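> Pasting a predicted model and its sequence here:
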Amino acid sequence: TKKGKSGVSNVSVSSNFGVSKLAREIDVFSADDFRKNVVAIGGKLEDRGGDTYWQDELTRTAITYDQNLIMSGGTDKLTYRASLGYLDQEGIVINTGIKRYSGRVNATQKLMDGRLNIDFTLNSTVEKSENAIMSTLVSEMLDFNPTYPARDENGNPVKYPDLVNPLIHSELYKDFGETRRIIFNIAPSFEIIDGLVYKLNFGYENTSSESDNQSMPNTDPFEEGRLQQNYLNGENMLIENYLTYTFEKDDHNFTVLGGYSYQRNYERWRTWSIRKFA
């Protein structure tokens with residue numbers, strides 16, 4: 001904290017570390033129980049001699065880093081607050097996670113002996129994600145045969161002749177995404193005469209994103225490969241004009257409000273895909 005003739009300024013830094021894990025595992029058969037129950041109901045048992053608990057194989061203890069730099073201060077006529085943030089969050093399902101970069105500025109300016117006030121906000125975020133096909137992995141960790149071994153003696157995912165190892169699934173099928181968002185708002189208010197205030201509120205939001213849904217080409221298991229790319233551009237604009245008149249008469253307080261609001265939303269999507277990579 002620093003105080004001078006121009007006002008007070010503060011700078012603070014926060015760094016947070018978090019650990020996440022599956023809070024409550026779903027009760028499923030062990031490999032031995034699976035063997036007994038498949039036979040008991042007259043089913044055909046595919047037994048590959050393993051003892052795999054797929055919820056442990058396909059989830060992890062995830063780490064989160066959250067760091068922020070905050071600056072604030074001002075004078076009687078101008079106050080501000082600005083922040084920068086970085087978030088790196090792993091998902092508890094393997095090969096999932098996000099990274100987020102953010103910045104925000106808020107300022108209030110008072111002019112003309114307080115008759116004119118201007119509030120300003122600018123907020124920007126960039127979020128990047130990398131995800132395996134989570135819906136597939138979650139279903140596989142609950143219903144995949146526990147007698148199939150997950151890894152060989154070298155720690156590599158085992159390849160089966162009849163099914164695809166979920167660990168290989170998590171590497172071959174992935175989604176990559178990036179979303180950018182900017183939000184701008186300015187709201188000046190002016191007291192024309194005592195009790196009569198005009199306020200303008202102008203807000204603008206711009207969003208753009210790209211995502212890649214990717215199936216990697218592979219020989220064993222055989223996968224020809226596919227890429228689908230999706231694009232989104234969006235805008236949201238808000239314009240509001242208000243006149244407010246506040247006055248007192250005898251023991252009563254009155255407020256009269258009149259205004260006009262206009263909002264426009266626009267979005268455009270584009271997508272394309274290509275199949276059969278070499």
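Thanks, I have it.

> Now do the helices in the stretch 151-278 of the chain.
166-172 (DSSP state H, counting those that start in this stretch).

> Can you check the pLDDT for the residue nearest to Glu90 when sequence neighbours are not counted?
Nearest residue to Glu90, sequence neighbours excluded (CB to CB, 6 or more residues apart in numbering): Ala62, at 3.8 Å. The C-beta positions use only the backbone N, C-alpha and C, and glycine is treated the same way. At Ala62, the model reports a pLDDT of 96.

> Could you pull up the contacting residues of Ala62?
The neighbourhood of Ala62, defined by CB atoms under 8 Å, 6 or more residues apart in numbering, consists of Val19, Ser20, Lys21, Gln89, Glu90, Gly91, Ile92, Gly97.

> do the same with Trp272
When contacts are taken as CB under 8 Å, 6+ apart, Trp272 is in contact with Gln228, Gln229.

> Same check on Thr271?
Thr271 touches Gln228, Gln229, Asn230, Tyr231, counting by CB under 8 Å, 6+ apart.

> which among these end up buried?
Asn230 (16 or more other CB atoms under 10 Å).

> quick one: which of the contacts of Thr271 is nearest Arg275?
Gln228 (9.3 Å; CB to CB).

> Give me the number of neighbouring residues for the residue lying closest to the closest one once chain neighbours are set aside.
Using CB to CB, 6+ apart and skipping the chain neighbours, the partner closest in space to Gln228 is Ser273 (3.9 Å). For Ser273, the neighbour count with other CB atoms under 10 Å is 10.

> how close does Ser273 sit to Glu224?
13 Å (CB to CB, to the nearest Å).

> thinking again about what came up before, correct me if wrong: the residue nearest to Gln228 contacts Gln229.
Yes: under the criterion of CB atoms under 8 Å, Ser273 makes contact with Gln229 at 7.3 Å.

> And Ser129, which helix or strand is it part of?
strand 116-132 (DSSP states H and E).

> on that earlier part again, distance of the residue nearest to Glu90 relative to Ser170?
14 Å.

> And for stretch 170-179, what's in contact with it?
The set of residues external to stretch 170-179 that reach it, using CB under 8 Å, 6+ apart, is 58, 94-95, 125-133, 136-137, 164, 207-216, 218, 221, 223.

> Can you flag the buried ones in those?
By 16+ other CB under 10 Å, the contacts of stretch 170-179 give 58, 94-95, 125, 127, 129, 131-133, 137, 164, 207, 209, 211, 213-215, 223 as buried.

> Confirm for me that Gly258 is in contact with Tyr242.
Yes: with contact defined as CB under 8 Å, Gly258 counts as touching Tyr242 (7.2 Å).

> Looking at the two, which is more packed in?
Applying other CB under 10 Å to Gly258 and Tyr242 shows that Tyr242 carries more neighbours, namely 15 against 9.

> Next up, the contacts around that one.
If you count contacts by CB under 8 Å, 6+ apart, Tyr242 has them with Tyr198, Lys199, Asn201, Leu257, Gly258, Gly259, Tyr260.

> switch to 6 Å and redo it
By CB atoms under 6 Å, 6 or more residues apart in numbering, Tyr242 lies in contact with Lys199, Gly259.

> Just list whatever residues bridge to it.
Beta-bridge partners recorded for Tyr242 (DSSP bridges): Lys199, Gly259.

> Distance-wise, check it relative to Asn253.
From Tyr242 to Asn253 the distance is 18 Å (CB to CB).
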